[in-house]
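Q: here you go, sequence then predicted model.
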Amino acid sequence: MPGESNEWTVAGLYTYPVKSCQGVALQSSTVTATGLQYDRLWMLVDARSGRFVTQRQHPRLALIQVSINEKHGVLELNAPGMSALQVALHPTDLGAQVPVRVWYDTVMGRRCSADADAWVTQFVGKPTHLLYKDPDCPRLVSRYVPEKCAPQAGFADVFPLHVTTTPSLADVNSRVPSKLTHTHFRPNIVLSHPHALPYEEERWTRIEIGRDAWSLFITSRTPRCSMPNVDLEVGKMREDKEPMTSMRTFRCVDPGSPSFVCFGMQAAPQITGHTVWVGDSVVVREYGEHSLTEPL
């Protein structure tokens, strides 16, 4: 499109194995049916209410470090004052099935183990389960889905992938009181371009990535909750409610949902099995308008 930059580079890749805990920076990742490999396949759930637990209610989840040991097939969780917890990276001996509501969807999870439940219960301070996404119960995404695309999701809020760009983050940082990183917005794929304008990604509908030129559909803006207000260093909500207070003055931009602060774009791959690398080239192939006329 005239006046826009159509050649970008993958500057960062992140997977978040446990929803609302720290992410893992990657050099490469396989694109699976539910997003980058291992992304949001585990989640904490309140044992009494059955509701999923996030940094919105428990900002201390930002202190849980997650590491992936593929050689030993282990996902390890570490947190201040806690011994390490290890769970199987590819679990085969799963516990009871637990239905949990993730926004507008009922998603089936499986309890990992009694030890895992005890660990997350101790950290959160009330009875909590650690669930693994039930692989036998796929969660299909039905809203804002383009033709020739049948996305699934694990425990992500909606779509399997989330994309942000460095020019847009730089613009936000020029307008808010404290410096933010991409991790405040929890993207899977960060794109960079030395001369692009902020928010060009909001007019994309399809991009191609890497030598295979695999297609990634850009499906909608990402409406933001309060999680960017978490001080990631200490695991507490900022008392000044920044950056969201400032962002409300310039990022309520979606014509269908003008009351939502938006940053980043939801995305879904056309087909899976490709590998994405930091440094991959990205070409914008199709443009269009986005409008959140119904909730994600």
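A: Yep, that arrived.
Q: list the buried residues for the worst-scoring helix or strand of the chain on mean pLDDT?
A: Comparing helices and strands within the chain by mean pLDDT, DSSP states H and E singles out strand 97-102 as the least confident, with a mean of 91. Within strand 97-102, the residues that count as buried by 16 or more other C-beta atoms under 10 Å are 98, 100, 102. Yep, even glycine has a C-beta here, placed from its N, CA and C like the rest.
Q: how about stretch 258-270?
A: So stretch 258-270, judged by 16+ other C-beta under 10 Å, has buried residues 260, 261, 262, 263, 264, 265, 266, 267, 268, 269, 270.
Q: and the pLDDT at residue 2?
A: Here the pLDDT value assigned to residue 2 is 50.
Q: number of residues surrounding the residue nearest to residue 104 when sequence neighbours are not counted?
A: Nearest non-adjacent residue to residue 104, counting by C-beta to C-beta, 6 or more residues apart in numbering: residue 295, 6.5 Å away. Counted with other C-beta atoms under 10 Å, residues neighbouring residue 295 total 11.
Q: that older thread, what distance separates the least confident helix or strand of the chain from the centre of its chain?
A: Once both centres are worked out by C-alpha atoms, centre = their mean, to the nearest Å, strand 97-102 turns out to sit 19 Å from its chain's centre.
Q: show me what that strand is packed against.
A: The contact analysis (3 or more C-beta pairs under 8 Å, 6 or more residues apart in numbering; DSSP states H and E) places strand 97-102 against strand 42-46, strand 105-111, strand 128-133.
Q: again, only using 6 Å
A: Here strand 97-102 touches strand 105-111, going by 3 or more C-beta pairs under 6 Å, 6 or more residues apart in numbering; DSSP states H and E.
Q: got the buried residues for the strand it packs on?
A: For strand 105-111, the neighbour count (16+ other C-beta under 10 Å) marks 107, 108, 109, 110, 111 as buried.
Q: tell me the one of those residues nearest residue 157?
A: The closest of the buried residues of strand 105-111 to residue 157 turns out to be residue 107 (C-beta to C-beta; 10.9 Å).
Q: would you confirm that the closest one contacts residue 140?
A: No - counting by C-beta atoms under 6 Å, no contact exists between residue 107 and residue 140, whose distance comes to 10.8 Å.
Q: with distance to residue 239 and pLDDT added, can I get the buried residues of stretch 258-270 in TSV?
A: TSV is the format used below for the buried residues of stretch 258-270 (distance: C-beta to C-beta, whole Å; pLDDT from 0 to 100):
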residue	distance to residue 239	pLDDT
260	23	96
261	19	98
262	24	98
263	21	99
264	25	99
265	30	98
266	30	97
267	33	96
268	37	95
269	40	95
270	44	93
